[in-house]
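Engineer: give me coordinates for this.
(chains A, B, C, D, E and F)
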4 protein chains.
Amino acid sequence: MDKQIKDKRTAIMDAALKLFTERGFHGTTTAQISKDAGVATGTLFNYFPTKEELINSLYFEVKGRLSSCIKKGIDPEASFETKMRKLWSNTIQCGVSNPEEFHFIGQFGSSPYITKITREEAMKEYEFIRALVEEGFSNGRNKDYSMELAMMIFYHSSGAVVNLIINSGRLDDMNEIIEEGFQLLWRGLSPE
Amino acid sequence: MDKQIKDKRTAIMDAALKLFTERGFHGTTTAQISKDAGVATGTLFNYFPTKEELINSLYFEVKGRLSSCIKKGIDPEASFETKMRKLWSNTIQCGVSNPEEFHFIGQFGSSPYITKITREEAMKEYEFIRALVEEGFSNGRNKDYSMELAMMIFYHSSGAVVNLIINSGRLDDMNEIIEEGFQLLWRGLSPE
Amino acid sequence: MDKQIKDKRTAIMDAALKLFTERGFHGTTTAQISKDAGVATGTLFNYFPTKEELINSLYFEVKGRLSSCIKKGIDPEASFETKMRKLWSNTIQCGVSNPEEFHFIGQFGSSPYITKITREEAMKEYEFIRALVEEGFSNGRNKDYSMELAMMIFYHSSGAVVNLIINSGRLDDMNEIIEEGFQLLWRGLSPE
Amino acid sequence: MDKQIKDKRTAIMDAALKLFTERGFHGTTTAQISKDAGVATGTLFNYFPTKEELINSLYFEVKGRLSSCIKKGIDPEASFETKMRKLWSNTIQCGVSNPEEFHFIGQFGSSPYITKITREEAMKEYEFIRALVEEGFSNGRNKDYSMELAMMIFYHSSGAVVNLIINSGRLDDMNEIIEEGFQLLWRGLSPE
DNA sequence: AATGAATGAGTGTTCATTCAT
DNA sequence: GATGAATGAACACTCATTCAT
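Structural biologist: Numbering: from 1, shown residues only, chains lettered A, B, ... in the order given. You can find the predicted model right below:
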């Protein structure tokens, strides 16, 4: 029975993720989500009181899943460079393996449908990453915004690389691209 | 007469840009746009046959304005590093000076409202930048995706920096942040 | 449950028939139909996806009801004249008993709102009548268009007589008028 | 100058007749009429204060033209049968020669757009015909509705024949069909 | 808890009509 | 008179949400 409930909720979430990514929030009706999930229109509202709550719950859960994926297997004892390389490759691999979730977060992170509260709540998951980066940079750099800058560059660049891999379909070269990207960032874009 | 026409069209575009950025496409009604622009509801449809065409026209024009802004004052005879530094600082300064336009493009670039045709048409403006980057990197790197990677990292990082400056309100430190960001990218994130 | 559904659909159809006949298709709004039918505006669209489909469904059903009415009680074994007299009187009586339906068909049969498909589909009901007329005339006349002519004269004249009865309010004389009309047609208009 | 005015008015009327017949009153916008007539949208309203007045004026004028056409060449001295035959053939020939006008009147004669006043005004043109028919029938028949019946049968049948000729494209057989139709009516439908 | 027909406020869009030029 | 951009009331239709079963 508990299984049953989870199933319906999950079915709704899955259908919503797929449809939102394909057609956007506005382009997706709750009726369509219900239909794709195989439940009645009323059922959706048993689990989520409004469409907006469905969107926010979905955002929160997907963001959580993605951040768990990213953290996996990072050895706290390893060198800073090793940890950063792992973080970089994790981020990209998680994105490539879950393109729907990845696009969903990228596309709707700044949507007005997502409330400030959800966004902030979701951000907490990233404290771990912030701490990781901070550790390394705090010695090496002095400007108070350097670390912030470094983090943003690191994070946004990883998103760019995921898109590059998915859109160009270069799944075979993936590991090479990941490493090359890391080198570009770590050693610098300067050609020489 | 021509002035008058331009004025109404411009007023609609301006109101639309502001409202879309604030509330999203769906959250903004054509009635609201008309009202803010100071024209009748029917007038909007004299200039744009549908809401979607208004959105796409707006996207196209804003993207054009932004890309013009980014290209300004780059000396083709300068060294590669100089040109890249200028490109970087232009991008960020254009973003900071036109935050509404900048956010609009960033937010809705992947919206289902924007048609493929608009996106592709708008992308043509970026050929110049691609050529600029290509020039420098083609000698220094060998992998065929390196340049693509470099471009994406460069471009997405600039967006991240604009957001950093706007959100933290550090307009005073802007030039310093721009240069520091460039150093991080150009010399590499590696702390040492 | 099934009863309920039929009721709402029927209520909408009834209200639509009345309003369309009174004010035409354009002069009748879907909101007005819904209101008169005692349902919400959205409900109408649960049964008919568009106003045009409502119009066409209504036309089709009314035409069907009318043709059923006309066919009733014609004895295939009777003489040709008897059958024609019955057909004539049926047509007029059906029209007089259902003036709204009769006017609706007469008024909107050539409206651009009615699609070709609906018109053709509705015409199939009249095959019976064509066969009946054909039977008698094929012996007596030789020109290949005579039967066509006879049918049209017969059919259009009946419409004229219905209007005459309704507009002049001579319901008492109806049977006499019907017979007199039949005589005029059958024996000829020639005064002597 | 007066010529000019007449031209614009006529151009609007012609365009309106064509468009209304093709697409109905509702399906035709005043903008479309103006465009087809080669005048500005505002110009139409210099000649006709509202769309409804345009429709009614058009109806009145077309009905007038048609009734003039029908009366032409009837010799008051001829026998009743000869006059009726001429009336019949005139009606059909006028309809076939001016199919647009003929359809317009047939289609919209009972439209709610046409005011009662227009309809009544237009009917006056038919007094001549009524008198003609009355003359002959008043001797031969006794029921007070007989003449009314005869007129309606006569009139509606002629409309049916015009449609038959136009739709089947039998312009070559026209005279034969006209005479055959008259015989059917005059001598009666009875096969023998 | 599950259903899905019913609801009605809200939206994009149309178009007859006006009026400044 | 002629023009056509501007107007805004009116409409068909949508869809998140409710609730009786």
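
Engineer: residue numbers of chain A in contact with DNA strand E?
Structural biologist: Residues of chain A found near DNA strand E (C-beta under 7 Å from any atom of the strand) are A:4, A:5, A:8, A:39, A:40, A:41, A:42, A:43, A:45, A:46, A:47. (Glycine included, C-beta is placed from N, CA and C.)

Engineer: what's the helix or strand bottoming out on mean pLDDT in chain A in contact with?
Structural biologist: Every helix and strand of chain A was ranked by mean pLDDT, DSSP states H and E. The lowest is helix A:127-140, at a mean of 77. Here helix A:127-140 makes contact (C-beta atoms under 8 Å, 6 or more residues apart in numbering or on different chains) with A:67, A:70-71, A:74, A:80, A:83-84, A:87, A:146-147, A:150-151, A:154, B:191-192.

Engineer: for residue A:86, which non-adjacent residue is closest in space?
Structural biologist: residue A:74 (5.1 Å; C-beta to C-beta, 6 or more residues apart in numbering or on different chains).

Engineer: swap in residue A:25?
Structural biologist: That would be residue A:113: by C-beta to C-beta, 6+ apart, it lies 5.2 Å from residue A:25.

Engineer: re earlier: mind listing what's buried in the least confident helix or strand of chain A?
Structural biologist: Residues of helix A:127-140 classed as buried by neighbour count (16 or more other C-beta atoms under 10 Å in any protein chain shown): A:129, A:132, A:133, A:136, A:137.

Engineer: same question, stretch A:63-83
Structural biologist: Applying 16+ other C-beta under 10 Å to stretch A:63-83 flags A:63, A:66, A:67, A:69, A:70, A:71, A:74, A:80, A:83 as buried.

Engineer: can you tell me the helix or strand for the last one?
Structural biologist: Following DSSP states H and E, one finds residue A:83 within helix A:80-97.

Engineer: so for that helix, mean pLDDT?
Structural biologist: If you average the pLDDT over helix A:80-97, you get 93.

Engineer: if we can go back for a sec, relative to chain C, which of the residues of chain A next to DNA strand E is nearest.
Structural biologist: residue A:41 (12.3 Å; C-beta to the nearest C-beta).

Engineer: contacts only, for the closest residue to chain C within chain A.
Structural biologist: Proximity of chain A to chain C (C-beta to the nearest C-beta) peaks at residue A:31, 11.9 Å away. Residues counted as contacts of residue A:31 (C-beta under 8 Å, 6+ apart) are residue A:41.

Engineer: give the buried residues for the helix or strand that it is a member of.
Structural biologist: Using DSSP H and E, residue A:31 maps to helix A:30-37. Residues A:30, A:33, A:34, A:36, A:37 are the ones in helix A:30-37 that count as buried (16+ other C-beta under 10 Å).

Engineer: just these now: which is nearest DNA strand E?
Structural biologist: Nearest to DNA strand E among the buried residues of helix A:30-37: residue A:34, at 7.7 Å, using C-beta to the nearest atom of the strand.

Engineer: surely that closest one meets residue A:12?
Structural biologist: Yes. Counting by C-beta atoms under 8 Å, residue A:34 touches residue A:12, with 7.4 Å between them.

Engineer: give me the common contacts of those two.
Structural biologist: With C-beta under 8 Å, 6+ apart as the test, residue A:34 and residue A:12 both reach A:43, A:44.

Engineer: now the angle from the least confident helix or strand of chain A to helix A:80-97?
Structural biologist: Relative orientation of helix A:127-140 versus helix A:80-97 (axes from the mean of the first three to the mean of the last three C-alpha atoms, to 10 degrees): 150 degrees.

Engineer: what would helix A:127-140 look like as CSV? C-alpha coordinates only.
Structural biologist: Coordinates of the C-alpha atoms in helix A:127-140 are reproduced here as CSV (Å, rounded to 0.1, in the frame of the first residue of the first chain):
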residue,chain,number,x,y,z
GLU,A,127,27.6,23.7,1.2
PHE,A,128,29.7,20.6,0.9
ILE,A,129,31.1,21.7,-2.4
ARG,A,130,31.7,25.2,-1.1
ALA,A,131,33.6,23.9,1.8
LEU,A,132,35.7,21.7,-0.5
VAL,A,133,36.7,24.5,-2.7
GLU,A,134,37.2,26.9,0.1
GLU,A,135,39.7,24.6,1.7
GLY,A,136,42.0,24.7,-1.3
PHE,A,137,41.7,28.3,-2.4
SER,A,138,41.9,30.0,1.0
ASN,A,139,45.6,29.5,1.1
GLY,A,140,46.4,30.2,-2.5
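
Engineer: following element in sequence after that helix, please.
Structural biologist: helix A:146-168.

Engineer: so that next one versus helix B:146-168, what angle?
Structural biologist: Going by the same axes, to 10 degrees, helix A:146-168 makes 130 degrees with helix B:146-168.

Engineer: from the contact counts, what lies against the helix or strand that helix A:146-168 is followed by?
Structural biologist: Next helix or strand after helix A:146-168 toward the C-terminus (DSSP H and E): helix A:174-187. Packing partners of helix A:174-187 (3 or more C-beta pairs under 8 Å, 6 or more residues apart in numbering or on different chains; DSSP states H and E): helix A:80-97, helix A:146-168, helix B:146-168.

Engineer: centre of the chain to helix A:174-187, how far?
Structural biologist: 20 Å (C-alpha atoms, centre = their mean, to the nearest Å).

Engineer: swap in stretch A:105-113?
Structural biologist: 11 Å.

Engineer: for it, measure first residue to last.
Structural biologist: End-to-end distance for stretch A:105-113: 12 Å, by C-alpha to C-alpha, to the nearest Å.

Engineer: what pLDDT, on average, does it get?
Structural biologist: pLDDT averaged over stretch A:105-113 gives 88.

Engineer: and stretch A:26-36, by the same measure?
Structural biologist: 96.

Engineer: what does stretch A:160-167 give?
Structural biologist: 89.

Engineer: distance from that stretch to the middle of the chain?
Structural biologist: 14 Å.

Engineer: domain parsing of chain A, as residue ranges.
Structural biologist: What the record gives for chain A is the domain set A:1-48, A:51-187, from automatic domain parsing.

Engineer: could you find the lowest-pLDDT member of the buried residues of stretch A:63-83?
Structural biologist: residue A:80 (87).

Engineer: that one and residue A:134, how far apart?
Structural biologist: 11 Å (C-beta to C-beta, to the nearest Å).
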